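> Task: produce atomic coordinates for the following.
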Amino acid sequence: MRKILKLLTSRLMIIGPLILLQFGLFVSVVYQASLFNKVIPVVEVLAVLAVLFIINRQRDPYSKLSWCCLILGLPVIGLPLYFLSGERQVPKKIQNGTILADQKMAGLLGTSRSVRAEERIEPDMRATFSYGERCGFPAYQNTTVSYYASGEEWFPDYLEALRSAKHYIFIEFFILREGSCWEEVLAILKQKIAEGVEVKIIYDDFGSVEMPWHYDRKLQAMGIEAHRFNHLRPAFIIQMNNRDHRKITIIDNRVAFTGGVNLSDEYVNRIRRFGYWKDSALRLEGEAVWSLTVMFLGLLTHVRGAGGSPIDYEKYHIEHQIAPSSGYVQPYSDSPTDDELVALNMHLNIVNHARDYVYIDSPYLILNETMKDALILAAKNGVDVRILTPGIPDKIIVNQMTKGNYLPLLKAGVRIYEYTPGFDHCKNFVADDRAAIVGTANTDYRSYYLHFENGVLLYQKGAVIQIREDFEQSIEKSREITVDDVNSTFILVRLFRAVLTLFVPLV
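Next up is the predicted model:
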């Protein structure tokens with residue numbers, strides 16, 4: 001009963017209906033005005049002009065098709081929706097703030113030594129690292145990497161690392177949710193503040209919608225510098241699309257964590273919402289931690305705003321004794337405020353350069369045509385392409401969109417598995433026992449085009465083998481999907497998936 005009451009009084013239950021009501025009233029007013037003033041032909045002409053404009057835009061053809069169908073089929077709804085969100089324009093405040101953050105990062109992440117000249121790196125992987133460097137993200141050696149195959153494996157080490165902080169703790173998550181995990185973290189943070197350690201937190205306001213109103217103020221009263229990213233408002237505006245989906249924690253520029261896990265009890269299986277929650281994370285120690293430190297401070301520049309005090313980046317560039325380590329590590333981030341699709345292109349590079357196999361964990365297999373074509377071509381080239389998706393979904397409609405992508409992949413030879421024990425939330429790519437990515441970006445439009453994301457490219461690290469072994473152990477517990485399974489699905493369900501697939505770029 002308490003859970004139901006909490007849900008009914010949550011911000012989402014208040015803000016969500018208000019947004020829907022605004023859109024409903026807007027469409028109603030437009031429709032009635034059109035009807036009574038007999039200007040429907042004008043609307044239809046505008047729809048045709050909008051379609052011609054969309055066709056000539058430089059963007060994903062799948063996205064073009066979806067918008068054209070919506071605008072021509074329902075112009076009164078499609079036209080205002082397209083003008084509000086179709087061009088995926090980032091609001092000016094976020095655009096300006098994060099561009100400033102990126103400029104700060106660019107100056108601090110410059111490196112005099114590029115791995116492009118490293119002969120030990122195979123030419124195709126050298127090209128992948130080169131792409132990341134051209135986007136402003138150095139590759140590092142002398143960085144140890146630990147891979148966690150579950151949230152409950154990750155969390156004790158995470159807490160221990162927080163306890164070890166001497167100078168500062170930076171925390172950035174998409175989801176903070178009240179529960180035992182957050183209580184344990186917060187208790188450590190309070191203790192560290194008492195010891196004189198700086199604590200700074202950024203959390204996404206939509207992802208953390210279940211937290212109390214103005215929870216950032218409560219944290220600030222404790223001595224934590226806390227910021228909500230992109231405040232959730234009861235208004236039908238485009239900026240609600242752009243979320244901070246990153247998961248980054250840095251301790252003293254010595255240790256960093258990232259991956260799929262958020263600070264919420266289901267991520268460590270203390271509560272069960274969708275069966276067993278399968279997730280992954282990385283721990284970095286060494287030179288590459290600086291990139292994640294700078295990424296956090298860059299976004300902190302934005303959330304502090306124009307009136308915020310300037311950040312002394314060098315203050316946080318604490319040097320540590322670093323043990324030599326083989327292999328290469330390239331942390332990167334992605335932002336919707338530029339024209340570079342870093343997360344998508346890093347994923348594509350792993351797929352396109354795979355020789356023997358590429359294994360992918362994806363909670364949401366909602367592919368654009370570029371990624372779908374790359375997977376199909378890799379499979380037809382003889383690469384062993386396997387994808388693991390959830391057996392128990394967290395979002396029914398999104399899971400039906402995922403299933404709607406199965407058939408063309410299966411026909412090309414891609415093998416798809418559904419994780420029977422529960423929900424697979426990992427965002428892992430691993431190929432040929434040499435390269436892997438662990439990050440926050442899903443294989444969907446929101447992650448590739450709308451969200452702020454981050455990830456880590458690994459090459460010739462022991463963790464790569466661990467990621468492959470984790471995938472293989474997961475598919476042993478999973479059900480393999482076949483062409484016959486898809487074709488035997490009830491015809492109305494397949495029709496529903498086909499309709500959903502058409503509108504994938506709009507969600």
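> Only C-alpha atoms from now on, for both contacts and neighbour counts.
Noted.
> Might you list the low-confidence residue ranges for the stretch 251-400 of the chain?
306-307 (pLDDT under 70).
> mind checking which helix or strand of the protein has the lowest mean pLDDT?
helix 2-8 (a mean of 49; mean pLDDT, DSSP states H and E).
> List the contacts of the residue nearest the centre of the chain.
For the chain, the residue nearest the mean C-alpha position is Ala441 (3.1 Å; CA atoms, centre = their mean). Contacts of Ala441 were listed using CA atoms under 8 Å, 6 or more residues apart in numbering, and they are His245, Ala343, Lys427, Ser447, Tyr448, Glu453, Asn454, Gly455.
> dump the residue contacts of the last one.
Which is Gly455. Thr258, Gly259, Pro331, Tyr332, Ser333, Ala343, Ile437, Val438, Gly439, Thr440, Ala441.
> that's a strand at it, yeah?
Yes. Counting by DSSP: H, G, I helix; E, B strand; the rest coil, Gly455 falls inside a strand.
> Kindly indicate whether the residue nearest to His227 when sequence neighbours are not counted is helix, strand or coil.
Of all residues not flanking His227 in the chain, Ile202 sits nearest, at 4.9 Å (CA to CA, 6 or more residues apart in numbering). At Ile202 the chain is in strand, as set by three-state DSSP.
> Contacts only, for Ile202.
Ile202 touches Ile171, Glu172, Phe173, Ala226, His227, Arg228, Phe229, Leu300, counting by CA under 8 Å, 6+ apart.
> And for Val185?
Counting by CA under 8 Å, 6+ apart, Val185 has contacts Leu159.
> Show me the shaky parts of the stretch 101-250 of the chain.
In the stretch 101-250 of the chain, residues with pLDDT under 70: 101-108, 110-114, 116-117, 234-240.
> just the strands in it please.
143-148, 168-173, 198-204, 225-229, 248-251 (DSSP state E, counting those that start in this stretch).
> most tightly surrounded among these?
When you average the neighbours per residue for each of the strands of the stretch 101-250 of the chain (mean count of other CA atoms under 10 Å), strand 248-251 leads with a mean of 25.
> List the strands paired with that strand, with their directions.
Strand pairing for strand 248-251, using DSSP bridges, gives strand 168-173 (antiparallel), strand 255-259 (antiparallel).
> how about the shortest one as PDB, C-alpha atoms only?
The C-alpha coordinates for strand 255-259 follow below in PDB (Å, rounded to 0.1, in the frame of the first residue of the first chain):
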ATOM      1  CA  VAL A 255      40.000   5.000  -9.100                       C
ATOM      2  CA  ALA A 256      37.000   5.300 -11.500                       C
ATOM      3  CA  PHE A 257      33.900   3.300 -12.100                       C
ATOM      4  CA  THR A 258      31.600   3.200 -15.000                       C
ATOM      5  CA  GLY A 259      29.200   0.800 -16.700                       C
END
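> Max pairwise distance over the contacts of Gly455: which two?
Thr258 and Ala343 (14.7 Å; CA to CA).
> Look at Pro91 and report its pLDDT.
pLDDT for Pro91: 55.
> Pipe the strands of the stretch 101-250 of the chain into CSV and attach distance to Gly391 per row.
Shown next, in CSV, are the strands of the stretch 101-250 of the chain (distance: least, CA to CA, whole Å):
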stretch, distance to Gly391
strand 143-148, 21
strand 168-173, 25
strand 198-204, 27
strand 225-229, 32
strand 248-251, 27
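> about what we covered before: of the contacts of Ala441, which is the nearest to Arg479?
Lys427 (19.1 Å).
> Burial check on the nearest residue in space to Asn142 that is not next to it in sequence, number of neighbours?
In space, and not counting its chain neighbours, Asn142 is closest to Ser325: 4.2 Å by CA to CA, 6+ apart. By other CA atoms under 10 Å, 14 other residues sit near Ser325.
> same thing with Ile396?
10.
> How much space separates it from Thr402?
10 Å (CA to CA, to the nearest Å).
> before we move on, the earlier item: quick check, nearest of the contacts of Ile202 to Glu44?
For the contacts of Ile202, the nearest to Glu44 is Phe229 (38.8 Å; CA to CA).
> related to what we said a few turns ago, and the contacts of Gly455 as a markdown table, adding distance to Phe471 and secondary structure?
Shown next, in a markdown table, are the contacts of Gly455 (distance: CA to CA, whole Å; DSSP: H, G, I helix; E, B strand; the rest coil):
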| residue | distance to Phe471 | secondary structure |
| --- | --- | --- |
| Thr258 | 18 | strand |
| Gly259 | 15 | strand |
| Pro331 | 22 | strand |
| Tyr332 | 23 | strand |
| Ser333 | 24 | strand |
| Ala343 | 21 | helix |
| Ile437 | 13 | strand |
| Val438 | 12 | strand |
| Gly439 | 15 | strand |
| Thr440 | 17 | coil |
| Ala441 | 18 | coil |
